[in-house]
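>>> Pasting a predicted model and its sequence here:
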Amino acid sequence: MKAAAVKEPSFVEVREISKPSLGPGEILVKMQSCGICGSDVEKVFGKYGQPSMKLGHEPAGVIIEVGSMVKNLKNGDRVFTHHHVPCYSCHLCNHGNETMCPKYYETNLSPCGLSEEYVVPEWNVLHGGVLKIPDSMSFDEAAMIEPLACCIRSWNKFKSQKGDSVAIFGAGPTGMMHVMLAQAHEFSKIFALDINDFRLDYAKSLGAIPLKSGAVDSIQRILEDTQNQGVDVSIVATGALGALNDSIALTRKGGTIVMFGVPSKGASLNIDMSVIYSKELTLVTSYAASDNDTKQSLDMISSGKVQVKKLITHRYALAESQKAFEHAHSGHNAMKIVING
């Protein structure tokens, strides 16, 4: 069978590999759709700061084989499968830090989500890592469960009120998911900042106020529209850390800054901490998602509260993975790119 892997910097190889064997507590899934995440692109073209170099952690598909000890799942079930599942019993999990759990990093799909077929390990099967999806949900939509879950996790880390304002730095796919979540939370003003005109137009089509990143008039516009207070929440949905400096200037006193985008390994930034202190800003970081977050994500998609299908602009076959990743890297006239099995 075929699977995609990082062969060398900037190059994704689709290679023939042996079909994985199946343990008694595992399931085999035929991949139907798998989204390309910004962290995947960083693994191929950048200097990714996290340990796993496996590609494809947003897969959905059909179960084609189940181990002899698997219960409640059967061949033909349409499923989303989460690649990491924590233990929910360690000190970190008990404090709500499931994505920091050591077990979280031990669990993974084999060989990866970007393959014709993949094995879901027994731990994931037994601990909520496999979600059945309704017939009304397409596989492309199901492939968006994981990235939306990551966004939802970050929203669960801060308090907000109906009528609040938000500035979202980075108008890529996850940035647009944050726009949709802000709408679901009934925010009154939603600003989306980027340098890419296509993405800014996309943000406008979804109801956000599009603004050029780093532009003086953009900063002025946000201040004017918030009675010179600044926004209640800033979400940095980009790895470009310059946006973090802008967020400090544009977030109101007592407001919250969410560091959501994945920075490159070794990335650093000079910050005047006296401003953070004097404005009583709260800096929140959010990494990945647990299966609790994916359950919430599935509910929001299936209920129509968040219409992720609006974000899919391009689809590629698995054999076209290199082309798909190059397209995702350039971002040319693209929002979410999905690879179909």
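Right, received. Where do you want to start?
>>> Do I have it right that T107 meets E122?
No: if you go by C-beta atoms under 8 Å, T107 and E122 don't touch, sitting 9.5 Å apart. Quick note: C-beta positions are derived from backbone N, CA and C, even for glycine.
>>> where in the stretch 201-341 of the chain is pLDDT low?
Across the stretch 201-341 of the chain, nothing is flagged by pLDDT under 70.
>>> for it, what spans make up the helices?
216-225, 242-250, 273-278, 291-302, 321-330 (DSSP state H, counting those that start in this stretch).
>>> can you tell which of those helices is closest to G172?
Proximity to G172, assessed across the helices of the stretch 201-341 of the chain by C-beta to C-beta, is greatest for helix 321-330 (9.4 Å).
>>> could the helices of the stretch 201-341 of the chain go into TSV alongside mean neighbour count?
Shown next, in TSV, are those (neighbours: other C-beta atoms under 10 Å):
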stretch	mean neighbour count
helix 216-225	15
helix 242-250	20
helix 273-278	10
helix 291-302	20
helix 321-330	20
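>>> So which of those is nearest L114?
That would be helix 321-330 among the helices of the stretch 201-341 of the chain, by C-beta to C-beta, at 6.6 Å.
>>> can you tell me how far M53 sits from C34?
16 Å (C-beta to C-beta, to the nearest Å).
>>> Also D40?
Distance from D40 to C34, by C-beta to C-beta: 9 Å.
>>> quick one, which of those two is more surrounded?
A direct count of neighbours by other C-beta atoms under 10 Å for D40 and C34 places C34 higher, at 31 against 27.
>>> partners of the more buried one in the sheet?
P59, I339 (DSSP bridges).
>>> Distance check, it against Y316.
Taking C-beta to C-beta, one finds C34 at 10 Å from Y316.
>>> so is the residue of the chain most remote from its centre in a helix, a strand, or just coil?
The centre of the chain is farthest from one residue, S68, which by C-alpha atoms, centre = their mean lies 33.3 Å away. For S68, the secondary structure call by DSSP: H, G, I helix; E, B strand; the rest coil comes out as coil.
>>> I'd guessed it sits against P24; true?
Yes: using C-beta under 8 Å, S68 makes contact with P24 at a distance of 4.7 Å.
>>> now the strands: where do they sit in the stretch 51-200 of the chain?
Applying DSSP state E, counting those that start in this stretch to the stretch 51-200 of the chain gives strands spanning 59-66, 78-81, 117-120, 130-132, 165-169, 189-194.
>>> Quick check: which of those strands is nearest to I235?
strand 165-169 (4.9 Å).
>>> quick check: angle from that closest one to helix 242-250?
Per axes from the mean of the first three to the mean of the last three C-alpha atoms, to 10 degrees, the angle that strand 165-169 makes with helix 242-250 is 160 degrees.
>>> Counting by contacts, list what strand 165-169 packs against.
With contacts defined as 3 or more C-beta pairs under 8 Å, 6 or more residues apart in numbering; DSSP states H and E, the packing partners of strand 165-169 are helix 173-184, strand 189-194, strand 231-236, helix 242-250.
>>> how about a cut-off of 6 Å?
helix 173-184, strand 189-194, strand 231-236 (3 or more C-beta pairs under 6 Å, 6 or more residues apart in numbering; DSSP states H and E).
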